[in-house]
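1. Dropping the sequence and predicted coords here.
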Amino acid sequence: MTTTQTTQVQTQRQSSEQLQTLMQAGQISGSLSFNGLITKEDEEMSRSALSTFKAKEEEIERKKLEVRERVQAQLGRIEEETRRLATIREELESLTDPMKKEVSLVRKKIDSVNKELKPLGQTCQKKEREYKEALDAFNEKNKEKVQLITRLMELVSESEKMRMKKLEELSKSVETVQ
């Protein structure tokens, strides 16, 4: 028996005892005999009233217990739902947190790589300009070389022609001397 039930039983006993005391004192019954003595009829009415009172008290207590049980059952369901919702919230937070951390790390890495890419891109553009300038200089020198080779070939060819001509002249002169 719980503390609440014990308290209710004690309250019922006190109410019954007070009713009996009042009945004995003659304060409840309006049909007391004039001489102040309780007749059998009065006593029977008092007992009937007391039984009715006790029945009503028991009915009230029974309804109170039913309501209390329903409230306790409802509280139990609410507590269970609260635990279930807390578990669901924890699961959601555990799902959300790793994703946030991973996304944050990836974003930081992207920012870091972007910072590294910027100077590399500038260096690459600078190297491309230098390469283009070097290539242009190379091509120009190559053209100059080709022109010089061509000129050399012309000079060698002319020189050979002149030497051949000179040789022929010398050969003619030697033939004439003989």
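-> Thanks, I have it. Residues are numbered from 1 along each chain as shown.
2. For the lengthiest helix in the chain, enumerate the helices and strands it packs against.
-> The longest helix of the chain (DSSP state H) is helix 40-177. Contacts defined by 3 or more Cβ pairs under 8 Å, 6 or more residues apart in numbering; DSSP states H and E place helix 40-177 against helix 3-25. (C-beta placed from N, C-alpha, C; glycine too.)
3. Could you list the low-pLDDT ranges of this structure?
-> Across the chain, the ranges flagged by pLDDT under 70 are 1-38, 96-98, 178.
4. let's go with 80 and repeat that
-> Within the chain, the stretches with pLDDT under 80 are 1-38, 42, 93-101, 177-178.
5. Tell me how many other residues crowd residue 65.
-> Number of residues near residue 65 (other Cβ atoms under 10 Å) recorded here: 13.
6. In contact with residue 69: list those residues for me.
-> Contact analysis of residue 69 by Cβ atoms under 8 Å, 6 or more residues apart in numbering lists nothing.
7. ok, it to residue 61 distance?
-> 12 Å (Cβ to Cβ, to the nearest Å).
8. Likewise for residue 161?
-> For residue 161 relative to residue 61 (Cβ to Cβ), the value is 144 Å.
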